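> Have a look; sequence and predicted model below, questions after that.
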Amino acid sequence: MKRFFSPISSKLPQSSSSAQNAPQVEENLNQLEETHHSAKRLKQGVDLDSLPADPKKRIPTRDYHPDEHESIHQGGGETFSSIGFRSWHKKKRLDTHIGKSNSVHNQAKKKCEDLMRQEQSIQAAFVKLSNQTKLEHKIRLKASIEVARLLLNQGLAFRGHREDESSLNKGNFLEILSWYAKRCDKIDELVLKKAPKNDQMTSHKIQKDIVTACKLETIKAIMEDLNGDYFSLLVDESCDISRKEQMAIVLRYVDRKGSVVERFIGIIHVHDTSALCLKEAIVNYLAQHSLSLSFIRGQCYDGASNMQGRLSGLKVLIQQQMGGSFKHMDELRESQEKKVQVALDMGEVENGKGLNQELGLARAANTQ
C-alpha cells in the first residue's frame with residue numbers, strides 16, 4: 001500500500017477520532033487488495049485456442065492463475081516445450097511445426113524479415129526518390145495515357161504480332177509512342193530505350209491498367225450525364241472467338257441538351273443465354289452503377305426466343321419487375337410537361353401552334 005499512498009507525517013496534528021479510524025481504513029484497503037489479487041489468481045479455465053497469435057493483443061500473463069502461466073506462454077499449441085521433442089533427425093517433424101504458408105510461425109518470420117529490411121520496402125524507396133525522378137515518371141505515364149486514349153477513341157488494337165527490337169512493326173501502341181517521342185524533345189529523352197528498364201510504362205499490364213481506368217472514367221461521365229433520369233435498354237448477346245457468351249449493354253436516353261443519345265456501357269460474360277441468367281446479369285450490372293429497372297422506359301432486343309418470348313422471354317421478365325403500367329406513362333407525361341415549362345420560362349424553346357406537343361408515346365417496355 002505504500003506504493004500508492006504516502007505515509008502521513010507524524011509532525012502534523014491529528015485528532016483523536018482520525019487517529020482511531022486510521023488503522024481501520026488501512027485494514028479495509030488491505031482486505032480489498034487481497035480480494036482483488038485472489039480473484040485475479042483464480043483459475044479461469046482459459047480457452048487456449050482462442051488466444052490471439054500476437055502476444056501484444058493478449059491479456060497480461062500476470063492476471064492469470066500461476067498454474068496457467070506456462071500454457072499461456074505456449075499459446076495453446078503442442079509445441080516442443082509442452083510435450084517434448086526427441087526426433088531431431090526427422091525433418092518432417094520440423095515441417096509440422098512450421099506449418100503452411102499462412103501459419104503463425106511463417107507470419108512471425110515474415111514480419112521479422114520486413115522489420116529488419118525496412119530500407120528495401122516500396123514506401124522507403126519511393127520516399128528516397130528525388131523530385132526530378134518523380135517528374136520524369138509522370139511524363140512517361142502521361143505519354144502512355146495519351147497514346148492509349150487515342151487508340152481507344154479510334155477503336156484500334158494496341159499490340160502487334162512481334163514487339164521485340166528486330167520487329168519492323170511493334171504494334172500501334174509502341175509505334176505511335178515512338179512517333180510521338182520523335183516530335184517532342186521533352187518526351188524523347190525519357191521514354192522507350194532512354195527510360196529505366198523498371199519504369200518504362202509500356203508493358204502489357206500497364207496498358208491494361210490504363211484501359212481499365214479510362215473505362216471507369218467514361219462510365220462515370222455517362223452516369224453523370226444520365227443524372228438518374230429514365231432510359232431505354234438495348235441488349236444483344238453473342239459468342240466471342242473463344243466461344244464465350246457475352247452480352248453487350250447500351251443505354252438510350254435524352255441528355256441535358258435535349259438530344260437523344262445512345263451510350264455503350266459494357267460487355268458482360270454470361271454462363272448461358274437463358275432469360276433468367278441474362279436478367280440477373282443485367283440487374284447486377286445496373287446495380288453497380290446505381291441504376292434500377294424502375295427507370296427503364298423501353299427495351300430493344302433481337303428476335304431470339306429467349307429475348308422476345310411472350311411467356312418467359314427477357315423482355316417479359318424485365319417488364320414484370322419494372323411494372324409496365326399506365327402509372328408510369330402518367331409520370332412520364334408529368335415529368336416531360338415540367339421540363340417543357342422550365343425550358344419555356346428560360347427561353348430555351350419557342351412556343352406556338354403545333355410546337356411542344358406530344359405526338360404519340362408508345363406504351364412503356366413495348367418499344368423496339
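Alright, I've got the coordinates.

> Let me see the ranges of the strands in the stretch 201-350 of the chain.
Using DSSP state E, counting those that start in this stretch, the strands found in the stretch 201-350 of the chain span residues 231-239, 245-254, 260-269, 296-300.

> among those, which is the most enclosed?
Ranked by mean neighbour count, the strands of the stretch 201-350 of the chain are led by strand 296-300 with a mean of 21 (mean count of other C-beta atoms under 10 Å). Quick note: C-beta positions are derived from backbone N, CA and C, even for glycine.

> That strand versus strand 245-254: what angle between them?
Relative orientation of strand 296-300 with respect to strand 245-254: 130 degrees, computed using axes from the mean of the first three to the mean of the last three C-alpha atoms, to 10 degrees.

> helices or strands up against strand 296-300?
Packing partners of strand 296-300 (3 or more C-beta pairs under 8 Å, 6 or more residues apart in numbering; DSSP states H and E): strand 231-239, helix 314-322.

> okay, these in TSV with distance to residue 159 and mean pLDDT next?
Converted to TSV, those look like this (distance: least, C-beta to C-beta, whole Å; pLDDT from 0 to 100):
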stretch	distance to residue 159	mean pLDDT
strand 231-239	22	86
helix 314-322	35	76
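
> For residue 335, which of these is the nearest?
For these, proximity to residue 335 was assessed by C-beta to C-beta; strand 231-239 is nearest, at 13.0 Å.

> Pull the residues that contact the closest one.
Here strand 231-239 makes contact (C-beta atoms under 8 Å, 6 or more residues apart in numbering) with 245-253, 262, 270, 273, 278, 282, 291, 295-302, 307, 314, 318, 367.

> Show me the helices in this protein, by range?
Per DSSP state H, the chain has helices spanning 16-40, 69-74, 80-83, 91-98, 104-116, 122-128, 131-154, 172-182, 185-188, 204-226, 275-288, 305-308, 314-322, 326-345. These are given in chain order.

> Let me have those helices in TSV, extended by mean neighbour count and distance to residue 161.
Rendered in TSV, the data for these read as follows (neighbours: other C-beta atoms under 10 Å; distance: least, C-beta to C-beta, whole Å):
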stretch	mean neighbour count	distance to residue 161
helix 16-40	10	75
helix 69-74	14	62
helix 80-83	10	59
helix 91-98	11	47
helix 104-116	11	42
helix 122-128	9	35
helix 131-154	15	16
helix 172-182	17	12
helix 185-188	13	26
helix 204-226	14	14
helix 275-288	16	34
helix 305-308	16	38
helix 314-322	19	39
helix 326-345	13	52
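
> List just the one of the helices and strands packed on strand 296-300 that sits closest to residue 135.
The stretch from these with the least distance to residue 135 (C-beta to C-beta) is strand 231-239; that distance is 43.3 Å.

> Need the CA coordinates for that closest one. CSV is fine.
Taking only C-alpha atoms (Å, rounded to 0.1, in the frame of the first residue of the first chain), the coordinates of strand 231-239 have been written out as CSV:
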residue,chain,number,x,y,z
PHE,A,231,-33.6,5.4,-70.1
SER,A,232,-34.1,2.6,-72.6
LEU,A,233,-32.2,-0.6,-72.5
LEU,A,234,-30.6,-2.1,-75.6
VAL,A,235,-29.1,-5.6,-75.2
ASP,A,236,-27.6,-8.1,-77.6
GLU,A,237,-25.6,-11.3,-76.9
SER,A,238,-23.1,-13.3,-79.0
CYS,A,239,-20.1,-15.5,-78.7
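
> per-domain residue ranges of the chain.
Here the chain is described, according to automatic domain parsing, as comprising the domains 48-98, 130-213, 229-345.

> Any chance of these in a markdown table with distance to residue 123 as columns?
Below are the domains of the chain laid out as a markdown table (distance: least, C-beta to C-beta, whole Å):
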| stretch | distance to residue 123 |
| --- | --- |
| domain 48-98 | 22 |
| domain 130-213 | 14 |
| domain 229-345 | 32 |
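
> Kindly report which one of these carries the lowest mean pLDDT.
If these are sorted by mean pLDDT, domain 48-98 sits at the bottom with a mean of 64.

> Find the nearest non-adjacent residue to residue 114, please.
Taking C-beta to C-beta, 6 or more residues apart in numbering as the measure, residue 114 lies nearest to residue 121, with 7.2 Å between them; neighbours along the chain are not counted.

> wait, residue 282 sits on residue 250?
No. Residue 282 is beyond contact range of residue 250, at 11.7 Å (criterion: C-beta atoms under 8 Å).

> quick revisit: turn the helices of the chain into JSON lines, including distance to residue 234.
Supplementary listing: those in JSON lines, determined by distance: least, C-beta to C-beta, whole Å:
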{"stretch": "helix 16-40", "distance to residue 234": "71"}
{"stretch": "helix 69-74", "distance to residue 234": "65"}
{"stretch": "helix 80-83", "distance to residue 234": "68"}
{"stretch": "helix 91-98", "distance to residue 234": "57"}
{"stretch": "helix 104-116", "distance to residue 234": "51"}
{"stretch": "helix 122-128", "distance to residue 234": "45"}
{"stretch": "helix 131-154", "distance to residue 234": "21"}
{"stretch": "helix 172-182", "distance to residue 234": "29"}
{"stretch": "helix 185-188", "distance to residue 234": "41"}
{"stretch": "helix 204-226", "distance to residue 234": "14"}
{"stretch": "helix 275-288", "distance to residue 234": "11"}
{"stretch": "helix 305-308", "distance to residue 234": "11"}
{"stretch": "helix 314-322", "distance to residue 234": "12"}
{"stretch": "helix 326-345", "distance to residue 234": "19"}
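
> Identify whichever of the helices and strands packed on strand 296-300 lies nearest to residue 110.
Closest approach to residue 110 among these is made by strand 231-239 (44.9 Å; C-beta to C-beta).

> Next up, the contacts around residue 267.
Residues near residue 267 by C-beta under 8 Å, 6+ apart: 246-249.

> Go through those and say which is closest to residue 93.
The shortest distance between residue 93 and any of those, using C-beta to C-beta, involves residue 246 and amounts to 52.8 Å.
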